[in-house]
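A.B. asks: Generate a structure from the sequence data that follows.
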Amino acid sequence: MLHESPNQIQLESKDNWGICGLPLIYGNESAPMRCVFCGRTYSALIYCPQGHYICDSCHQREAVDILRQVLISSVWANPLEILEQVMSHPSVPMHGPEHHAMVPAVIVTAVRNSGYPVPPEAVEQALSRGEKVPGGWCGFYGACGAGIGVGIAVSVLTEATSLKGKERSLANEATSLALSRLADGYSRCCKRAYRKSLETAVEFLQQRLNISLRTAASMRCSYSHRNKECPKELCPYYLPNPQLLLHH
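C.D. replies: From the prediction side, this is the model:
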């Protein structure tokens, strides 16, 4: 049976498939691919030329489980600190749909830890909704999952539904603002998208929901060497010598 999930993305070693090391194919036409973990067959736009493939669900399982553990125990109110801790875990790849769950979950966790009331099961709701955004949407559907994650966080915090005019509008406004910041003219980078989305969320929450999050930290990237499409000095988070982060 072919499952309609056209933009599944593969487990990676740096930018390549972790089994054979070959660069992934980003195609315009889908191909039937069988997940090496769950055995289900999907219609995929991103795949290894040797046929190796892992679906989004299997791809993000370990990283999302780690994320859930971190967020449950986290007492940090600074979303940037939560962000860097989560991204530094070895189960989190350079790129992938894991980041789509991270963005809304980290935002909601930071709001909760800052002392603001949040709905019941808010963090789990943010995780669950973020997990449903497939990999590759930035290019294939014109809507980066990290940017959508900002709208998910606002939706969870305001308990928006399609029937609540104000809340629904706020969630869509948050997504729109985040996506506009992500249209920077460069190839995809989940780390850059994550950081820009988080900065946008902090600004939006302050201006539109009167929620103030402490962000007394600068975001500098230590992952540039893992991203062959990195624009380097053109990226606001680029750090020429990542070793400098060890001394701060």
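A.B. asks: which intervals of the protein have sub-threshold pLDDT?
C.D. replies: 1-22, 36-38, 54, 56-61, 90, 216-218, 241-248 (pLDDT under 70).
A.B. asks: care to break it down by domain?
C.D. replies: Domain ranges of the chain: 2-54, 59-209, per automatic domain parsing.
A.B. asks: Reformat those as JSON lines; add distance to Met219 and mean neighbour count.
C.D. replies: The way it works is simple: take the backbone N, C-alpha and C, and place the C-beta from them, glycine included. Formatted as JSON lines, the domains of the chain follow (distance: least, C-beta to C-beta, whole Å; neighbours: other C-beta atoms under 10 Å):
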{"stretch": "domain 2-54", "distance to Met219": "21", "mean neighbour count": "17"}
{"stretch": "domain 59-209", "distance to Met219": "5", "mean neighbour count": "20"}
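A.B. asks: counting contacts, what elements does the top helix by length along the chain pack onto?
C.D. replies: The single longest helix within the chain, with elements called by DSSP state H, is helix 190-209. Helices and strands touching helix 190-209, by 3 or more C-beta pairs under 8 Å, 6 or more residues apart in numbering; DSSP states H and E, are helix 79-87, helix 98-113, helix 145-158, helix 165-182.
A.B. asks: Now render those as CSV, adding distance to Pro240.
C.D. replies: Converted to CSV, the helices and strands packed on helix 190-209 look like this (distance: least, C-beta to C-beta, whole Å):
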stretch, distance to Pro240
helix 79-87, 19
helix 98-113, 24
helix 145-158, 24
helix 165-182, 24
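A.B. asks: what distance separates stretch 110-129 from the centre of its chain?
C.D. replies: 17 Å (C-alpha atoms, centre = their mean, to the nearest Å).
A.B. asks: next one: stretch 179-190
C.D. replies: Averaging C-alpha positions (C-alpha atoms, centre = their mean) puts stretch 179-190 13 Å from its chain's average.
A.B. asks: Next, the distance between the ends of it.
C.D. replies: One end of stretch 179-190 sits 13 Å from the other (C-alpha to C-alpha, to the nearest Å).
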